[in-house]
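**Student:** One predicted model, sequence on top.
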2 protein chains.
Amino acid sequence: MSNNISLLNQYWTDIYFYLHYPHKEKISHQVVRILQLIDKRKEIGVGEVASHLNVSHNTASEHVKRMIAKKYLKKERATKDERKVILSLTNLGEEVLYRNTSLDEKKLEHVLNQLNENEKSLIENALKTLSERVKQCM
Amino acid sequence: MSNNISLLNQYWTDIYFYLHYPHKEKISHQVVRILQLIDKRKEIGVGEVASHLNVSHNTASEHVKRMIAKKYLKKERATKDERKVILSLTNLGEEVLYRNTSLDEKKLEHVLNQLNENEKSLIENALKTLSERVKQCM
DNA sequence: TACTTTATATCTTAATATACGATATAATCT
DNA sequence: AGATTATATCGTATATTAAGATATAAAGTA
């Protein structure tokens, strides 16, 4: 089984390596991680960023401050607890995140065009299934 | 079609988000990219690193120097052209790369254990097919 | 063989990013 | 009213990124 897992990981990293967007922005690793967190979870504040990155709350606050200045993020006070801020991605933040974590659309389309309908369906169903199960389990 | 591509990307980024390893090392984005390049391509030297990252050759050389010092990389002179160095990953480099780009094996195994045999086969075949085609096309 | 080109390396400089302790303010809880 | 929580800022130290200037060695070319 763990042989299989390694193999799946090899497929996974191969796919990403060959299909990622050309590296353009010099976006740092912590910026990507924060954008991912806010994109995929709800009600994220500075405390949650600190936990996710495994850094102190003052460090997380500094990161968030810089990302707001770069217009990747925006913040608003929570209504239930006005000490807390809730973070969200700006349009620019979404674009930057997309270019740094998604598969390049043109490359992906180009590859999918080489596949027959069965293979396309196979891939789409597989990713959909895995994605849904992953969300249920985690 | 581009609706579909977006959807596939959403599955893709969801899967990664939920299954990535906990963020431990504070590894920078350029280090990850260099490790990925050397892992997936052959005959990589400083010039190729510079092109891949879109930086100057002296910047690439500095990156490589630091990564050698951290024992992520090792270098050897090419036999055909002794001006050139060929870079390779150390065991440590492989570990660090794996933890920063692969799906967490325990998480992945846990999710796969929730699937029936058909779904498992579907996912494995899909990733294998896509990985193989991607390598052919790119 | 001399000159040109290529590949890499180092030094220096400047800017940015990361990280946290100390300290502060405001809001909520007890 | 005091304790706790959530965030923010400042100061400090270190790391990373990037490139221009300069250098050496190897290969290519006339």
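**Tutor:** Thanks, I have it. As the structure is a prediction and not an experimental result, all values here were calculated from the model.
**Student:** So chain A: which segments form each domain?
**Tutor:** A:1-20+A:104-138, A:22-102 (automatic domain parsing).
**Student:** for the record, mean pLDDT for the first one?
**Tutor:** I take that to be domain A:1-20+A:104-138. Across domain A:1-20+A:104-138, the average pLDDT comes to 91.
**Student:** Counting neighbours, what do you get for A:Ala126?
**Tutor:** 22 (other CB atoms under 10 Å in any protein chain shown). Backbone N, C-alpha and C define where each C-beta goes, glycine included.
**Student:** who wins for proximity to chain B among the domains of chain A?
**Tutor:** Ranking the domains of chain A by proximity to chain B (CB to the nearest CB) places domain A:1-20+A:104-138 first, at 3.3 Å.
**Student:** before we move on, back to that, can you tell which of the domains of chain A is closest to B:Arg77?
**Tutor:** domain A:1-20+A:104-138 (26.1 Å; CB to CB).
**Student:** State the helix or strand in which the residue nearest to the spatial centre of chain A lies.
**Tutor:** The structure's chain A has its C-alpha centroid closest to A:Gln36; by CA atoms, centre = their mean the separation is 3.4 Å. A:Gln36 belongs to helix A:29-40 when elements are defined using DSSP states H and E.
**Student:** Show me where chain A has its helices.
**Tutor:** Taking DSSP state H as the criterion, chain A contains helices spanning A:2-19, A:29-40, A:46-53, A:57-69, A:91-101, A:105-113, A:117-137.
**Student:** near DNA strand C, which residues of chain A?
**Tutor:** With CB under 7 Å from any atom of the strand as the criterion, chain A meets DNA strand C at residues A:28-31, A:53, A:55-56, A:58-59, A:62-63, A:66, A:70, A:80-83.
**Student:** what do you get if the cut-off is 10 Å, keeping everything else the same?
**Tutor:** Counting by CB under 10 Å from any atom of the strand, the positions of chain A adjacent to DNA strand C are A:25-34, A:50, A:53-63, A:65-67, A:69-70, A:77-84.
**Student:** from those residues, which are also near chain B?
**Tutor:** For chain B, the contacts drawn from the residues of chain A next to DNA strand C by CB under 8 Å from any CB of the partner chain are A:26-30, A:32-33, A:53-54.
**Student:** Quick check: the two most widely separated of those?
**Tutor:** For these, the farthest-apart pair by CB to CB is A:Lys26 and A:Asn54; their separation is 22.9 Å.
**Student:** tell me the contacts of the spatially most distant residue from the centre of chain A?
**Tutor:** In terms of distance from the mean C-alpha position of chain A, A:Asn116 ranks first, at 29.1 Å (CA atoms, centre = their mean). The contact partners of A:Asn116, taken as CB atoms under 8 Å, 6 or more residues apart in numbering or on different chains, number zero.
**Student:** any idea how far B:Lys135 is from it?
**Tutor:** 18 Å (CB to CB, to the nearest Å).
**Student:** Who are the contact partners of A:Asn4?
**Tutor:** Contact analysis of A:Asn4 by CB under 8 Å, 6+ apart lists B:Glu124.
**Student:** Return the set of buried residues in stretch A:60-72.
**Tutor:** A:60-61, A:63-64, A:67-68, A:72 (16 or more other CB atoms under 10 Å in any protein chain shown).
**Student:** between these, which is closest to DNA strand C?
**Tutor:** Closest approach to DNA strand C among the buried residues of stretch A:60-72 (CB to the nearest atom of the strand): A:His63, at 5.3 Å.
**Student:** pretty sure the closest one is in contact with A:His29, am I right?
**Tutor:** No. Using CB atoms under 8 Å, A:His63 is not in contact with A:His29; the gap is 11.1 Å.
**Student:** Got the phi and psi for the residue in chain A positioned nearest to DNA strand D?
**Tutor:** Using CB to the nearest atom of the strand, the single residue of chain A nearest to DNA strand D is A:Gly45, 2.6 Å away. Torsion angles at A:Gly45 (phi, psi; degrees, to the nearest 10) stand at phi -120, psi -170.
**Student:** If you tally nearby residues, what's the number for it?
**Tutor:** 21.
**Student:** And A:Leu73, by the same measure?
**Tutor:** The local packing of A:Leu73 (other CB under 10 Å) involves 24 other residues.
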